[in-house]
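Visitor: Kindly return the folded structure for what I paste below:
(chains A and B)
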Amino acid sequence: MNFARRTFIKGAGAAGTVAVAAAAGLLKPSEVLAAEWNKAAFDAKGMPDALKAIGASAAADSKDILIKAPDIAENGAVVPVEVTSKIAGTTGIVMMVEKNANPMVADFELSNGADGYVSTRIKMGQTSNVRVVVKAGGKTYSAVKEVKVTIGGCGG
Amino acid sequence: MAEPMKIRATMAGDTADVKVLMNHPMETGQRKDAKTGKLIPAHFIQTVTAQVNGKSVLEAQWSQAVSKNPFLGFKVKGAKAGDKVTVSWSDNMGEKNSADATVG
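Guide: Modelled structure (predicted):
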């Protein structure tokens, strides 16, 4: 599942130094890229690629993920989305908009007592499902909510 | 340089409720300048981190699809009044900003 990270290294420009350091065993790949922006996931077009890039292709549907978002959003540029995960041991929440050109919107990693909750505002190009993927205990779960958009917020 | 951001942290039971408002254009790179007709380059926050008393509680990666002047809300269990919450972001042009608040 780390192919995405490999691609990222290749494209990152600093490939030479990173590869040498990794080969010498100085740095584990996971440490090198722990806080790096997941370019492969954010550049992915279409849901299957995006889900694959975050390792959530096999996410199981869950009713313990609550997505609070408007049924109808008048302005697609500002759609408030609030996610609450009741799954014990939630360590990550990912927000995606299925019909955006790049579905991946935001990836939150939680630790040290942070609740399975995040709230933010996102852009939607058109009426679409908002998909939330929750990572807990090495597994992935997901849920969707449809938001109807009257004015798109991506082209502006 | 980057404009100041607003951050507020309040206790609700045993959980600290943190709300952050950042000032950022969050340009998608798909919009055109109305006068010149040229594309406005993408300019958006890529990473956001939050710490309570120096311990990381949230690490976020964002795309262009987070709204302009982003809002972020999160909750931290076990935090106490007086704890220091720090939120920092950095964008694709290398700009950074950080703000902190005391849980009250």
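
Visitor: got the residues of chain B near chain A?
Guide: Chain B comes close to chain A at residues B:15, B:28, B:30-31, B:46-47, B:49-50, B:52, B:55-68, B:70-79, as judged by C-beta under 8 Å from any C-beta of the partner chain. Every C-beta, even on glycine, is put in place using the N, C-alpha and C of the backbone.

Visitor: Would you mind giving me the ChimeraX syntax to select the buried ones in these?
Guide: Applied in ChimeraX, the following selects the buried portion of those according to 16 or more other C-beta atoms under 10 Å in any protein chain shown:
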select /B:15,28,46,47,49,50,52,56,57,58,59,60,61,62,63,64,65,66,67,68,70,71,72,73,74,75,76,79
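
Visitor: just for chain B, where's the confidence low?
Guide: By pLDDT under 70, the low-scoring segments of chain B are B:1-2.

Visitor: ok, and what's touching stretch B:40-47?
Guide: With C-beta atoms under 8 Å, 6 or more residues apart in numbering or on different chains as the test, stretch B:40-47 has contacts from A:35, A:37, B:22, B:24-29, B:31-33, B:59-64, B:66, B:70, B:89-93.

Visitor: Might one say that residue B:76 is in contact with residue A:115?
Guide: Yes: in this structure residue B:76 lies within contact range of residue A:115 using C-beta atoms under 8 Å: 6.8 Å.

Visitor: what touches both of these two?
Guide: Counting by C-beta under 8 Å, 6+ apart, the contacts common to residue B:76 and residue A:115 are residue B:15.

Visitor: Residue of chain B closest to chain A, please.
Guide: residue B:73 (3.4 Å; C-beta to the nearest C-beta).

Visitor: and residue A:106, that's in a strand?
Guide: Yes: counting by DSSP: H, G, I helix; E, B strand; the rest coil, residue A:106 is part of a strand.

Visitor: Quick check: the residue of chain A nearest chain B.
Guide: Distance from chain B to each residue of chain A (C-beta to the nearest C-beta) is smallest for residue A:119, at 3.4 Å.

Visitor: That residue: helix or strand, and which one exactly?
Guide: Element membership for residue A:119 (DSSP states H and E) is strand A:114-122.

Visitor: ditto for residue B:81
Guide: Counting by DSSP H and E, residue B:81 is found in no helix or strand.

Visitor: what separates it from residue B:72, distance-wise?
Guide: To residue B:72, residue B:81 is 21 Å away according to C-beta to C-beta, to the nearest Å.

Visitor: Residue A:127 too?
Guide: Counting by C-beta to C-beta, the gap from residue A:127 to residue B:72 is 25 Å.

Visitor: The residue nearest the centre of chain B: what's it in contact with?
Guide: In chain B, the residue lying closest to the centroid (C-alpha atoms, centre = their mean) is residue B:22, at 5.1 Å. With C-beta under 8 Å, 6+ apart as the criterion, the residues that contact residue B:22 are B:5, B:45, B:48, B:69-72, B:89, B:97.

Visitor: cool, and residue A:80?
Guide: A:68-70, A:119-121, B:71.

Visitor: for residue B:3, same thing?
Guide: Counting by C-beta under 8 Å, 6+ apart, residue B:3 makes contact with B:23, B:97.

Visitor: How about the secondary structure of it?
Guide: Using three-state DSSP, the structure places residue B:3 in coil.
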